[in-house]
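In: coordinates only, sequence not included:
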């Protein structure tokens, strides 16, 4: 499973339309479709119900969407915190996020 697939899953869940989701992600629709199918195969569960006219979340898709959003948010947080160490030392005084501020309080001097 790749983080990119989580982004694709979230976009499709929000748009419920492959074309609009692909456009929002700046990818081709066939790539989005392929990655969603790959994710579903890897998980062993359908995330979406598809018909010729509509896309909807399955019960599993609705449940897993919350987790996917949390995973993406944590990955974004990880990247933000790592960015504070670009020059080798923390740049905590620029932190606006409360989790980053909490990390700053716990960071060794």
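Out: That came through fine. Since the model is a prediction, treat every value here as computed from it, not as a measurement. Numbering: from 1, shown residues only.
In: can you give me the helices in the chain?
Out: 3-15, 18-25, 29-43, 59-83, 98-106 (DSSP state H).
In: and these as JSON lines, adding mean pLDDT?
Out: As requested, the helices of the chain are exported to JSON lines (pLDDT from 0 to 100):
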{"stretch": "helix 3-15", "mean pLDDT": "97"}
{"stretch": "helix 18-25", "mean pLDDT": "97"}
{"stretch": "helix 29-43", "mean pLDDT": "97"}
{"stretch": "helix 59-83", "mean pLDDT": "94"}
{"stretch": "helix 98-106", "mean pLDDT": "53"}
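In: out of those helices, deepest packed?
Out: Each of these was scored by mean neighbour count; the highest is helix 3-15, a mean of 19, by mean count of other CB atoms under 10 Å. Heads up, the C-betas are built off the backbone N, CA and C, glycines and all.
In: which strands or helices does it pack on?
Out: Taking 3 or more CB pairs under 8 Å, 6 or more residues apart in numbering; DSSP states H and E as contact, the helices and strands that helix 3-15 lies on are helix 18-25, helix 29-43, helix 59-83.
In: tilt between the second one and helix 3-15?
Out: What that stands for is helix 29-43. Here helix 29-43 runs at an angle of 110 degrees relative to helix 3-15 (axes from the mean of the first three to the mean of the last three CA atoms, to 10 degrees).
In: how about the last one?
Out: Taking the same axes, to 10 degrees, one finds that helix 59-83 is oriented at 130 degrees with respect to helix 3-15.
In: which elements pack onto helix 59-83?
Out: helix 3-15, helix 98-106.
In: if we can go back for a sec, so can I have JSON lines of the helices and strands packed on helix 3-15 showing distance to residue 1?
Out: Shown next, in JSON lines, are those (distance: least, CB to CB, whole Å):
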{"stretch": "helix 18-25", "distance to residue 1": "17"}
{"stretch": "helix 29-43", "distance to residue 1": "6"}
{"stretch": "helix 59-83", "distance to residue 1": "9"}
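In: of those, which is nearest residue 53?
Out: Proximity to residue 53, assessed across the helices and strands packed on helix 3-15 by CB to CB, is greatest for helix 18-25 (12.0 Å).
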